[in-house]
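J.: no sequence for this one, just the structure:
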């Protein structure tokens with residue numbers, strides 16, 4: 001992310017990421033239907049939709065949220081979701097619609113990677129760039145695509161430096177595979 005770009009966290013929760021980005025010098029703002037409902041949803045260079053689609057029960061509403069968030073993005077949309085390699089993933093609380101009920105009594109949608117990519121490309125009629133299995137970018141201009149995707153992958157490799165060396169090696173191998 002370029003320092004001159006503004007960031008909007010759509011579904012920011014309690015705002016920890018917005019605060020952290022602001023502390024790093026970025027122009028960052030956010031909205032959340034529970035914690036910051038009074039804040040306006042606003043246009044920004046980069047809009048982030050982090051783990052929001054997982055908690056929306058209605059598939060049509062998921063698509064509406066994707067379109068709305070993308071509509072606010074001048075450069076692109078960053079979307080993160082919980083993914084699973086098991087399309088039948090469920091919890092003891094049981095299956096609901098196309099997701100599961102959690103032990104906390106909430107809804108959770110687990111996406112397969114293919115399902116997530118299909119949702120992004122069919123809803124936004126565009127190309128989505130995979131950075132990690134759970135993180136995709138949908139960019140308006142192709143001139144930034146390679147730079148942003150590579151930067152996201154590099155930062156993902158360095159994230160969690162306190163984790164084991166074996167885990168770091170797996171991330172490096174995965175990042176190398178993604179760049180091929």
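T.: Received, thanks. The structure presented is a predicted model; accordingly, all values stated were derived computationally and were not measured.
J.: wait, what's in contact with the most centrally placed residue in the chain?
T.: The centroid of the chain falls nearest to residue 80 when counting by CA atoms, centre = their mean (1.9 Å). By CB atoms under 8 Å, 6 or more residues apart in numbering, the contact list for residue 80 reads 48, 49, 50, 51, 134, 135. Quick note: C-beta positions are derived from backbone N, CA and C, even for glycine.
J.: ok, now with 10 Å
T.: Neighbouring residues of residue 80 by CB atoms under 10 Å, 6 or more residues apart in numbering: 48-54, 116, 131-132, 134-136.
J.: kindly state the pLDDT recorded for it?
T.: pLDDT for residue 80: 93.
J.: show me what it bridges to in the sheet.
T.: residue 50, residue 135 (DSSP bridges).
J.: distance of it from residue 33?
T.: Here residue 80 is placed at a distance of 18 Å from residue 33 (CB to CB, to the nearest Å).
J.: one more: residue 140?
T.: 25 Å.
J.: the more surrounded of these two?
T.: residue 140 (15 against 8; other CB atoms under 10 Å).
J.: which secondary element of the chain has the worst mean pLDDT?
T.: strand 95-96 (a mean of 50; mean pLDDT, DSSP states H and E).
J.: buried only: go through the contacts of residue 80 for me.
T.: Neighbour-count burial (16 or more other CB atoms under 10 Å) applied to the contacts of residue 80 gives 48, 49, 50, 52, 53, 54, 116, 131, 132, 134, 135, 136.
J.: my read: the fifth one touches residue 82, true?
T.: Yes - at 9.1 Å, residue 53 and residue 82 qualify as touching, with contact defined as CB atoms under 10 Å.
J.: anything in contact with each of those two?
T.: The contact lists of residue 53 and residue 82 share 109, 111, 116, where a contact means CB under 10 Å, 6+ apart.
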